[in-house]
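Engineer: here is a sequence together with a model predicted from it:
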Amino acid sequence: METISNYLETMFKTLPQTAEILRMKEELLLNMEEKYQELKLQGCTENEAVGKVISEFGNIDELLKEMDVNFSEDNTQAEYPEYAEYPEEDSYGDMPTLTYDDAEEYVSRMRTNNALASVGVALILFGVSALIFLSELLGRAFLAWLPEGIRDNAPIICFFLFLVPAIGLFVFSDYGMEKHKYIQKRHFRMDKQTRDEVHQMYQYYQQMAQLFTVVGVVLCVLSPVPVIAGDMFGDSGSTYGVCILLIIIAIAVAFFINGESGKDACKKLLKKSKKHK
Amino acid sequence: MISSDVIRGYNDIMILYLLLESDSYGYEISKNIRVITQEQYIIKETTLYSAFSRMEKSGFIESYFGTSPQGKRRTYYKITQLGIDWYKEKCEEWDLTKRVVNKFVGR
């Protein structure tokens, strides 16, 4: 009889320990044990009874098909070769199961936070731009009636006016991540359907990332144009050109960051780590 | 003994037929199928449970917990009105299948 439960254990070994599957295993064991007992009563030997019970077990895949779960390793490899080394079956036991809603919430939180961070980066670059702009302007005797103290310090004060909210945004961009920590640590599992849905979402964000990257690169390439153009109007012109360059770079960086964020979040969900291409 | 490929699709009929008589559980159903068919068809464990799972999701049967004589928790199944309708439908389907195939049998 030990043999029967060992056989079942082996059959179920690579499957996640969800309530549905455990219940199924328990039922099957009970069923097989009853069959075994009855065969023994009919005069079968131990070996005959065990052999008959096991030969009438069938094919475990037939069962899994009905249960919407297919965690067998072969399947993972076939469909998602890039993370074939996951999942680690042994550690499934205490992992929470991720629903599509959880996944969606995580992705949208990541995107919001990245957007906040990108605004922060942009503010700093705007600040530098303003600093250069004001220095140049005030250095050329503009608003000459202002006291010298103000004229000397105005650019740097202006810079800090941009810096402070930027720092605030950086701090705030980590907001709400505590809840999703287990995803960052890749401590979860997902059923096949959710995984497929997330995979679709990933493909969508991948396209978006490509588009955003193209826009960002174009902006970067174009960014020196104001400097060159400004140079035609003298030194001061090229300095103003640099101010515009910084603003364009800031926008380009925002495109880079926001383009990647959705894709990266999906990657995390699919347990696709960067080292695997 | 009949191969499971041939009979696939008619396991539901057998299970529902037995449930029409009375509520039952896994082993009893598989035993009854074996007895009624005089061991010409033995339903595999996985076939039986995938049928339970599928039919429960479709609302043809309902499950509830009972206790086995050894005091273990056991799942009993009960046919629903939807299941009764499905059973009748499958019977008609089989009747038709049988008549069609019979036209080509016995030359």
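Structural biologist: Yes, it's here.
Engineer: count of neighbours near A:M24?
Structural biologist: For A:M24, the tally of surrounding residues (other Cβ atoms under 10 Å in any protein chain shown) stands at 23. Using the backbone N, CA and C atoms, a C-beta is placed for each residue, glycine as well.
Engineer: actually A:F170, not the one I typed
Structural biologist: Neighbours of A:F170 under the rule other Cβ under 10 Å: 16.
Engineer: residue contacts, it?
Structural biologist: Residues in contact with A:F170, defined by Cβ atoms under 8 Å, 6 or more residues apart in numbering or on different chains, are A:117, A:120.
Engineer: find me the pLDDT at it, would you?
Structural biologist: Reported pLDDT at A:F170 in the predicted model: 87.
Engineer: against A:I21, how distant is the most centrally placed residue in chain B?
Structural biologist: The structure's chain B has its C-alpha centroid closest to B:I15; by Cα atoms, centre = their mean the separation is 1.9 Å. Separation of B:I15 from A:I21 (Cβ to Cβ, to the nearest Å) stands at 21 Å.
Engineer: just to revisit the earlier point, helix or strand for the residue nearest to the centre of chain B, just tell me which one.
Structural biologist: Taking DSSP states H and E as the definition, one finds B:I15 inside helix B:11-21.
Engineer: now that helix: how far from the chain's centre is it?
Structural biologist: Here the centre of helix B:11-21 is set off from its chain's centre by 4 Å, with Cα atoms, centre = their mean, to the nearest Å.
Engineer: which residues sit against the helix or strand that that helix is followed by?
Structural biologist: Of the helices and strands lying after helix B:11-21 in sequence (DSSP H and E), the nearest is strand B:24-25. Contacts of strand B:24-25 from elsewhere in the structure, counted by Cβ under 8 Å, 6+ apart, are B:18, B:32, B:66, B:74-77.
Engineer: let me have the residues you listed in TSV, extended by distance to chain A.
Structural biologist: Rendered in TSV, the data for the contacts of strand B:24-25 read as follows (distance: Cβ to the nearest Cβ, whole Å):
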residue	distance to chain A
B:L18	15
B:N32	13
B:G66	11
B:R74	6
B:T75	6
B:Y76	11
B:Y77	11
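Engineer: which ones among those lie within strands?
Structural biologist: B:66, B:74-77 (DSSP state E).
Engineer: OK, contacts around A:G168?
Structural biologist: For A:G168, the contact set (Cβ under 8 Å, 6+ apart) comprises A:G120.
Engineer: what helix or strand does it sit in?
Structural biologist: With elements delineated by DSSP H and E, A:G168 resides in helix A:148-172, which encompasses its position.
Engineer: show me what counts as buried in that helix.
Structural biologist: With burial defined by 16 or more other Cβ atoms under 10 Å in any protein chain shown, the residues of helix A:148-172 counted as buried are A:151, A:154-155, A:158-159, A:162-163, A:166, A:169-170.
Engineer: also stretch A:26-36?
Structural biologist: When burial is assessed from 16+ other Cβ under 10 Å, stretch A:26-36 yields the following buried residues: A:27-36.
Engineer: coming back round to it: list buried residues within the ones in strands among the contacts of strand B:24-25.
Structural biologist: Neighbour-count burial (16+ other Cβ under 10 Å) applied to the ones in strands among the contacts of strand B:24-25 gives B:74-77.
Engineer: out of those residues, the closest to A:A254 would be?
Structural biologist: Comparing these against A:A254 with Cβ to Cβ picks out B:T75 as the nearest, at 56.8 Å.
Engineer: that closest one and B:L82, how far apart?
Structural biologist: In this view, B:T75 and B:L82 are 19 Å apart by Cβ to Cβ.
Engineer: and the longest helix along chain B, how far out from the chain middle?
Structural biologist: The helix that spans the most residues within chain B, counting by DSSP state H, is helix B:81-102. Taking Cα atoms, centre = their mean, the mean C-alpha location of helix B:81-102 is offset from the chain mean by 13 Å.
Engineer: and the angle from that helix to helix B:11-21?
Structural biologist: When axes from the mean of the first three to the mean of the last three Cα atoms, to 10 degrees is applied, the directions of helix B:81-102 and helix B:11-21 differ by 130 degrees.
Engineer: using the three-state scheme, assign the residue in the stretch 151-277 of chain A that chain B sits nearest to.
Structural biologist: Minimum separation of the stretch 151-277 of chain A from chain B (Cβ to the nearest Cβ) falls at A:Q193, amounting to 13.8 Å. At A:Q193, secondary structure determined by DSSP: H, G, I helix; E, B strand; the rest coil is helix.
Engineer: okay, it: pLDDT?
Structural biologist: A:Q193 is assigned 80 on the pLDDT scale.
Engineer: name the residues of chain A found near chain B, please.
Structural biologist: Of all the residues in chain A, those in contact range of chain B (Cβ under 8 Å from any Cβ of the partner chain) are A:23-24, A:26-28, A:30-32, A:34-35, A:38, A:56-60, A:62-63, A:65-67.
Engineer: select from the residues you listed every entry located in helices.
Structural biologist: In helices, defined here by DSSP H, the members of the residues of chain A next to chain B are A:23-24, A:26-28, A:30-32, A:34-35, A:38, A:60, A:62-63, A:65-66.
Engineer: name the element residue 47 belongs to?
Structural biologist: I'll assume chain A. Taking DSSP H and E as the criterion, the element that holds A:N47 is helix A:46-55.
Engineer: switch to chain B, please.
Structural biologist: helix B:45-58.
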